[in-house]
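Trainee: Structure of the sequence below:
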Amino acid sequence: MSAQPRILFGESEIAARVEALAAEIAPLKPDIAVSILVGGFVFAADLIRALARQDVHLEAEFLWLRSYGNARAGAAVSLLAGPSENVRDKTILLIDGVLDVGRTILKAQELLMAAGAASIITAVAVDKGRPDAMTQADFAGFSGVDDFIIGYGMDDAGKNRGLPYIAKAG
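Mentor: Next comes the predicted model:
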């Protein structure tokens with residue numbers, strides 16, 4: 001029997017942070033939400049609904065980028081599906097699950113700007129706040145996490161993505 005993961009942020013704590021983030025982001029009036037697949041889809045769904053409760057109704061698009069694959073470390077970011085023409089001249093709310101070193105967010109920003117985005121606002125469920133990070137998010141649900149995390153859309157080699165909380169991987 002495997003050990004239970006150590007929960008870092010529970011369901012109610014996540015829900016409260018998502019609502020607070022939506023209230024902070026809403027005045028910026030983004031035009032379209034672009035979620036990075038696969039790790040950002042759960043957070044993106046919750047944030048888009050929270051923004052709708054703030055009367056900010058966004059179109060949704062997806063970028064499919066892969067930086068880890070089935071391992072915990074990787075330097076290259078692979079593009080599996082890029083932005084559509086729909087991002088041209090729009091303010092983009094770019095959403096991901098976790099910002100570790102920042103390679104994925106930077107690649108996504110590069111792709112969106114090349115596709116003609118007017119501006120980009122970044123939001124992540126967790127910004128690890130690493131001192132060696134290449135960038136940081138404009139908005140983060142949580143920060144300062146050193147652990148490899150799972151749940152709430154984030155996985156460990158394809159496992160534990162569906163957990164309703166964010167936990168330290170075993």
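Trainee: Flag every buried residue along the host helix or strand of G97.
Mentor: G97 is part of strand 91-99 when elements are defined by DSSP states H and E. Within strand 91-99, the residues that qualify as buried are I92, L93, L94, I95, D96, G97, V98, L99, counting by 16 or more other CB atoms under 10 Å. Just so you know, the C-beta spots here come from the backbone N, C-alpha and C atoms, and that holds for glycine as well.
Trainee: Can I get these in JSON lines including distance to A22?
Mentor: Converted to JSON lines, the buried residues of strand 91-99 look like this (distance: CB to CB, whole Å):
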{"residue": "I92", "distance to A22": "16"}
{"residue": "L93", "distance to A22": "10"}
{"residue": "L94", "distance to A22": "15"}
{"residue": "I95", "distance to A22": "12"}
{"residue": "D96", "distance to A22": "16"}
{"residue": "G97", "distance to A22": "17"}
{"residue": "V98", "distance to A22": "19"}
{"residue": "L99", "distance to A22": "18"}
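Trainee: Widest-spaced pair of these?
Mentor: Within the buried residues of strand 91-99, I92 and V98 form the most distant pair, 18.9 Å apart (CB to CB).
Trainee: name the helices or strands packed onto the strand holding G97?
Mentor: strand 32-37, helix 41-53, helix 103-114, strand 119-127 (3 or more CB pairs under 8 Å, 6 or more residues apart in numbering; DSSP states H and E).
Trainee: Distance to F62 added to these, as JSON lines?
Mentor: Formatted as JSON lines, the helices and strands packed on strand 91-99 follow (distance: least, CB to CB, whole Å):
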{"stretch": "strand 32-37", "distance to F62": "5"}
{"stretch": "helix 41-53", "distance to F62": "8"}
{"stretch": "helix 103-114", "distance to F62": "11"}
{"stretch": "strand 119-127", "distance to F62": "15"}
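Trainee: what about stretch 157-164, start to end distance?
Mentor: End-to-end distance for stretch 157-164, by CA to CA, to the nearest Å: 18 Å.
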